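Asker: only geometry, no sequence info:
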């Protein structure tokens, strides 16, 4: 098979990520200690805050912490203090302390794919935080380039292909997020492979098309060795 250009997502595709944010949210709910609101109702308010914040402040653990601080101010049933806000931020900052947990088969699969195709790590998020995770992962050597972008959208995929002189028919995006990895890549004319993760962030959920020649779904990352 002639070489392909494979763009590969990072968080929740190569390593665990959202599960740590979920744990932080559970701790936040305990700190808030609301007398009537359920965790689900609190999540709705936080999602609303995050959707607005992302447009100006982007992603990352500390931005998540600031969003939880705003949520705490809005929902607390007592006057909030700076000590409260520091405690909320500390919950978010603990996300940064988690050791990186690669998924089973990731390194062996990347080694196999890198011997056949050109790999680009194509991630979104906080620039320094993402590059720190890439460095800790030990996977940098498998990629021709590692890009961290503010957002993954159709225009961004088109720009990447045109800037690098790639053939859209021979370029694929691989990741766990329908909203960021699959649907915009397909709209840009790329192929796409969904590697589902059971705890993908709720704000990354979207419907996806039926599998086809240009869109595939695999059970696990290691299945890519057979696909490509």
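Answerer: That came in fine, so what should we check first? This one's a predicted model, so the numbers in the text were calculated from it and none came from an experiment.

Asker: what's in contact with the helix or strand hosting residue 226?
Answerer: Using DSSP states H and E, residue 226 sits in helix 224-227. With contact meaning C-beta atoms under 8 Å, 6 or more residues apart in numbering, helix 224-227 is reached by 109, 112-113, 174, 193, 195, 216, 218. The C-beta positions use only the backbone N, C-alpha and C, and glycine is treated the same way.

Asker: for residue 164, state which of the residues you listed is nearest.
Answerer: The closest of the contacts of helix 224-227 to residue 164 turns out to be residue 174 (C-beta to C-beta; 16.7 Å).

Asker: and the closest one, how many neighbours?
Answerer: 27 (other C-beta atoms under 10 Å).

Asker: for it, what are its contacts?
Answerer: For residue 174, counting by C-beta under 8 Å, 6+ apart, the contacting residues are 6-9, 13, 181, 192-193, 195, 224.

Asker: which of these fall in helices?
Answerer: Per DSSP state H, helices hold the following members of the contacts of residue 174: residue 224.

Asker: restricted to strands, list the contacts of residue 174.
Answerer: Under the assignment DSSP state E, these contribute 6-8, 192-193 to strands.

Asker: and the contacts of helix 224-227, which of them are in strands?
Answerer: Reading strands off those with DSSP E, I get 174, 193, 216.

Asker: from residue 40, how far off is the second one?
Answerer: It refers to residue 193. 31 Å (C-beta to C-beta, to the nearest Å).

Asker: again, but for residue 174
Answerer: 31 Å.

Asker: which residue, other than its chain neighbours, is closest to residue 70?
Answerer: Leaving aside its sequence neighbours, residue 70 sits nearest to residue 49 (C-beta to C-beta, 6 or more residues apart in numbering; 5.2 Å).

Asker: so the one you found sits against residue 69, correct?
Answerer: No: under the criterion of C-beta atoms under 8 Å, residue 49 is not in contact with residue 69, lying 9.6 Å apart.

Asker: who has more neighbours out of those two?
Answerer: Legend: neighbour count by other C-beta under 10 Å for residue 49 and residue 69, higher for residue 69 (20 against 16).

Asker: which residues does the more buried one contact?
Answerer: 85, 88-89.
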